[in-house]
Structures are given as structure tokens and as C-alpha cells.
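Asks: sequence first, predicted coordinates after that:
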Amino acid sequence: MTHQEILKKVEWKDLKSLSFKEMLIENNLTIPWFVISMVLSYFGYYLLALPFSAFFFLTALRQVHNGFHNSLGTNKFLTWFTLYSNSILLMVSIHAVKFNHIRHHKYCLSDEDYEGKSARMTWYGAILYGPVHMFLIHKITLQLGNKNYIKNVVLELLSIAIVTFFIFNFNVHFLIYHILIMVFAEFLMAFFAVWTVHHDTEESPEYARTQRKDWKNKITFSMFYHLEHHLFPAVPTIKLPELARRIDNVFPDIEKKQTF
């Protein structure tokens with residue numbers, strides 16, 4: 001079946017809108033994890049802070065990912081501010097990530113899809129490729145992006161550089177911890193955000209991998225409903241479990257390759 005056939009037969013447009021409660025959740029999901037990780041690292045409990053830092057990174061990724069597709073339920077400026085502020089917190093230009101992610105949807109797993117390059121690698125190759133991946137998405141955005149993208153990328157990189165300089169200059173130990181963990185996490189993005197959901201799907205790129213185990217989706221904040229996301233990118237993450245149920249009801253035999 002084609003993508004267009006699925007779009008026509010699955011009810012999904014009502015899932016695009018967020019209630020006020022859902023909007024609050026999507027826009028504030030990162031806060032408790034960030035606060036707890038900062039408090040623990042402030043007092044020197046770095047090992048205890050690690051899982052909370054990991055959950056912060058994952059929820060921030062969910063937040064900006066919704067922002068890429070204008071699915072946060074906020075206006076244009078607030079969506080931009082979410083991307084900008086998370087650039088500083090995540091130590092990467094989120095507008096560079098956005099530029100390549102939108103291209104990823106348009107050119108999925110083709111030669112023009114720079115975000116998706118690690119999908120064709122081995123799992124360990126994708127891990128080793130991580131630092132190159134992070135450099136490449138910035139380089140490609142500065143080369144191919146329009147003036148607005150370039151302006152935002154430069155602003156975000158300058159802001160990251162200034163904040164990082166002051167943190168290291170004044171030796172703010174818990175923020176240094178945060179920077180190091182975020183950079184390490186960014187280097188794993190080619191594996192976790194690309195390879196896990198797209199490897200061995202080159203023949204039908206639109207049918208990305210997905211996850212159907214409830215407990216796995218809970219601990220990953222629904223970020224591995226990737227088949228559903230690629231078929232219906234405008235649907236916010238919080239609505240993906242319902243979207244998955246609707247797809248299963250209409251197309252029970254559709255192939256669902258698991259992420260992990």
C-alpha cells in the first residue's frame with residue numbers, strides 16, 4: 001500500500017491539535033529532569049545525576065522534534081524560543097538539526113538525506129560516526145540553508161560558545177558536568193536517533209521501525225513510534241500511541257519492524 005492510501009484510510013487530522021493540558025506537558029516535560037540532574041550534580045552526585053540527565057536529553061529531543069513540525073501548540077515566536085533555548089541546553093544548533101530533519105523527511109535515506117546516512121552503517125559504525133554526524137549537519141545547513149536558517153545557526157552557535165566560555169572560565173562544576181554529558185549524548189545521536197529507527201529499511205524508507213511494547217514506550221517517552229511519525233509527521237508525540245492504535249485497526253498486517 002502507498003503512503004497516500006494510508007493517509008486516506010486512517011483518521012489522523014483530529015490528532016494534530018493539543019488540549020491545554022497536553023500543550024503544557026509537551027512544553028514543560030524537560031523541567032523536572034533538568035532540575036533534578038542539576039541539583040544532584042551541584043552536590044557532586046554525578047552518577048546519580050546521570051539517568052536524570054539522560055531523561056532530560058530525551059525529553060528535550062522530543063520537545064524540539066515537535067517544534068520542528070510545529071506541533072508544540074505554541075505560536076511562532078515561542079516555538080522558535082524553544083528551539084533556541086534548547087540549543088544552549090543541548091550544546092548543538094537545533095535549527096541545524098531541524099534543517100536536516102526536514103530534509104530527512106523529504107529525501108528519506110536517499111543521497112540527499114544527510115541526517116539518515118548512518119542508517120546504512122553497522123551499529124558500531126553509527127556510534128563511531130557520531131561526531132562526524134554532528135559536524136556534518138551544521139556544515140550542510142550553512143551550505144544549503146536559507147538566510148533565516150543560517151542566521152539562527154550562527155546565533156545559536158555564538159550563544160553556545162559564550163555560555164560555555166563563562167561556565168569553564170568560572171569553573172561552574174555542575175554545569176561543566178552538564179556540558180560534557182550533553183556533548184557525549186549528541187555524539188550518540190547518529191546511532192540512537194537514526195540507526196535504531198531506520199536500519200535495514202532502505203527498500204521502503206517511509207516504513208521506519210517502531211516500538212509496540214508499552215513499557216518500552218513509557219521509558220523512551222514515545223520517541224520510538226517512528227513508523228507512525230514518518231507516515232504522519234504533523235501528529236504531536238503525545239498523540240502517537242493513539243495514532244498507532246488507529247493504524248493497527250485499519251492496517252493490522254502492515255509490517256512493523258521493532259527498534260529494540
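Replies: Yes, it's here.

Asks: switch to C-alpha atoms for all contacts and neighbour counts from now on
Replies: OK.

Asks: gap between residue 48 and residue 244?
Replies: Computed as C-alpha to C-alpha, to the nearest Å, the residue 48 to residue 244 distance reads 34 Å.

Asks: give the helix, strand or coil label for the most centrally placed residue in the chain.
Replies: Centroid-nearest residue in the chain: residue 61, 3.8 Å away (criterion: C-alpha atoms, centre = their mean). Here residue 61 is recorded as helix under DSSP: H, G, I helix; E, B strand; the rest coil.

Asks: just the pLDDT for it.
Replies: According to the prediction, residue 61 has pLDDT 98.

Asks: picking up where we left off before, tell me which of residue 48 and residue 244 has more neighbours.
Replies: Applying other C-alpha atoms under 10 Å to residue 48 and residue 244 shows that residue 244 carries more neighbours, namely 17 against 13.

Asks: the more buried one contacts residue 228, correct?
Replies: Yes - Residue 244 is within contact range of residue 228, at 6.4 Å (criterion: C-alpha atoms under 8 Å).

Asks: in terms of secondary structure, what does the lowest-mean-pLDDT helix or strand in the chain contact?
Replies: Every helix and strand of the chain was ranked by mean pLDDT, DSSP states H and E. The lowest is helix 3-9, at a mean of 83. Under the contact criterion of 3 or more C-alpha pairs under 8 Å, 6 or more residues apart in numbering; DSSP states H and E, helix 3-9 touches helix 226-231.

Asks: packing partners of the helix it packs on?
Replies: Applying 3+ C-alpha pairs under 8 Å, 6+ apart, we find helix 226-231 packed against helix 3-9, helix 240-250.

Asks: residues making contact with the first one?
Replies: To tie it back to what came earlier, the one meant is helix 3-9. 206, 231, 232, 250 (C-alpha atoms under 8 Å, 6 or more residues apart in numbering).

Asks: 7 Å instead?
Replies: Outside helix 3-9, the residues that touch it by C-alpha atoms under 7 Å, 6 or more residues apart in numbering are residue 231.

Asks: what do you get for stretch 116-131?
Replies: Contacts of stretch 116-131 (C-alpha under 7 Å, 6+ apart): 104, 108, 109, 187, 188, 189, 190, 191, 194, 195, 198, 199.

Asks: need the pLDDT of the spatially closest residue to the third one that is not a sequence neighbour.
Replies: Which is residue 109. Distance criterion C-alpha to C-alpha, 6 or more residues apart in numbering; nearest residue to residue 109, sequence neighbours excluded, is residue 116 at 5.4 Å. Note for residue 116: predicted pLDDT of 96.

Asks: quick one: the strands in the stretch 101-250 of the chain?
Replies: Using DSSP state E, counting those that start in this stretch, no strands are assigned anywhere in the stretch 101-250 of the chain.

Asks: helices of this structure, residue ranges please.
Replies: Along the chain, the stretches classed as helices by DSSP state H are 3-9, 20-28, 31-42, 46-68, 76-90, 94-106, 123-144, 147-169, 173-187, 189, 196-198, 214-219, 226-231, 240-250.

Asks: between those, which one is nearest to residue 256?
Replies: For the helices of the chain, proximity to residue 256 was assessed by C-alpha to C-alpha; helix 226-231 is nearest, at 7.7 Å.

Asks: export that closest one to PDB, keeping only CA atoms.
Replies: Backbone C-alpha positions of helix 226-231 (Å, rounded to 0.1, in the frame of the first residue of the first chain) are rendered in PDB as follows:
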ATOM      1  CA  HIS A 226       8.900   6.200  14.300                       C
ATOM      2  CA  LEU A 227       6.800   4.400  11.600                       C
ATOM      3  CA  GLU A 228       3.900   6.500  12.800                       C
ATOM      4  CA  HIS A 229       5.900   9.700  12.800                       C
ATOM      5  CA  HIS A 230       7.100   9.200   9.300                       C
ATOM      6  CA  LEU A 231       3.600   8.400   8.000                       C
END
